[in-house]
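Visitor: I would like the atomic coordinates for the input below:
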Amino acid sequence: MCVLIDECVMSKVFNSEDVEHGPFRKLRAWIIDGAGSIVYGGSTYKRQLGTGRYLELFAKLRTAQRAFVIDGNKVDERERLLKKLIPEKDFDDAHIVAIIGLSKCCLLATTDKRQRPYFRRKDLYPSGVKIPKVYTEKGGSQHCSDARAVGACPRRLKAKRPGRKPKARQKISS
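Guide: This next block holds a predicted model:
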C-alpha cells in the first residue's frame with residue numbers, strides 16, 4: 001500500500017526525536033521495515049521537500065523501491081486544474097489532491113484539519129479513485145495494511161507457486 005505524506009507531518013513520521021513522533025511510529029516502521037511505500041511528485045511537493053534530509057531519505061527509499069514518483073508534469077497540470085476549479089484561499093494543498101488522483105493512493109498522512117473537507121470531496125478525484133483514509137496523530141495505524149495496494153503502489157510480490165517466498169525488498173541504510 002502507498003501513503004502520501006503531507007509536508008506538515010514529515011518530521012513527525014521520520015524524526016524519532018520529534019515530540020509528536022509517537023502516533024506516527026507505526027507508519028514509519030511500516031514504510032522502512034514493512035510493506036508500505038510512499039508516493040509523491042510535482043513541483044510543489046518537491047519544493048516542500050527542500051534540499052535537506054528528507055530529500056536524501058526519499059532518494060534512499062526510491063532506491064529501495066519504497067518510494068515512487070508520480071509524473072511531475074501530470075501532477076502540476078492536475079494541480080493547476082484543481083486550483084482553477086476551486087480558487088478558494090484555504091485550498092492550498094491542491095498538489096496533494098492531484099497526487100492522490102493520479103496515483104490512486106488510498107492513505108494520506110496529515111494533521112491539516114483545514115484541508116480535510118477538500119480531501120473528502122469525491123468530485124475532485126478522477127472516476128474510480130476512492131477518497132483516501134487519513135492517518136493522523138489521533139489514529140490511522142489500522143490503515144497500514146498490505147491489502148491496500150492500488151494504483152501506483154508496488155504490489156507485494158506473491159509466490160507464484162506454493163512453497164516459494166516472495167522477493168524481499170531492499171533494506172534501508174541509515
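Visitor: Check the secondary structure at Arg62 for me.
Guide: Assigned by DSSP: H, G, I helix; E, B strand; the rest coil, the conformation of Arg62 is helix.
Visitor: you'd agree it is up against Leu55?
Guide: No. Arg62 is beyond contact range of Leu55, at 10.6 Å (criterion: C-beta atoms under 8 Å). C-betas here are computed from N, CA, C, even on glycine.
Visitor: So for the two, which residue has more residues nearby?
Guide: Ranked by neighbour count (other C-beta atoms under 10 Å), Arg62 and Leu55 place Arg62 first, with 15 against 11.
Visitor: show me what contacts the more buried one?
Guide: For Arg62, the contact set (C-beta atoms under 8 Å, 6 or more residues apart in numbering) comprises Phe68, Val69.
Visitor: those strands in this structure, which residues are they?
Guide: 2-5, 37-40, 67-69, 107-109, 133-135 (DSSP state E).
Visitor: what sits against Asn15?
Guide: His21 are the contacts of Asn15 under C-beta under 8 Å, 6+ apart.
Visitor: how far away is it from Trp30?
Guide: Distance from Asn15 to Trp30, counting by C-beta to C-beta, to the nearest Å: 16 Å.
Visitor: Same question for Ile86.
Guide: As judged by C-beta to C-beta, Ile86 and Trp30 stand 32 Å apart.
Visitor: These two: which has the busier surroundings?
Guide: When neighbours are counted by other C-beta under 10 Å, Trp30 comes out ahead of the other of Ile86 and Trp30, with 21 against 15.
Visitor: Could you pull out the buried residues of the helix of greatest length in the chain?
Guide: Selection of the longest helix in the chain by residue count, based on DSSP state H, yields helix 72-85. Within helix 72-85, the residues scored as buried using 16 or more other C-beta atoms under 10 Å are Val75, Asp76, Arg78, Glu79, Leu82, Lys83.
Visitor: Kindly reformat these as a markdown table containing pLDDT and distance to Lys122.
Guide: Putting those into a markdown table (pLDDT from 0 to 100; distance: C-beta to C-beta, whole Å) gives the following:
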| residue | pLDDT | distance to Lys122 |
| --- | --- | --- |
| Val75 | 97 | 20 |
| Asp76 | 97 | 23 |
| Arg78 | 97 | 16 |
| Glu79 | 96 | 18 |
| Leu82 | 96 | 14 |
| Lys83 | 95 | 18 |
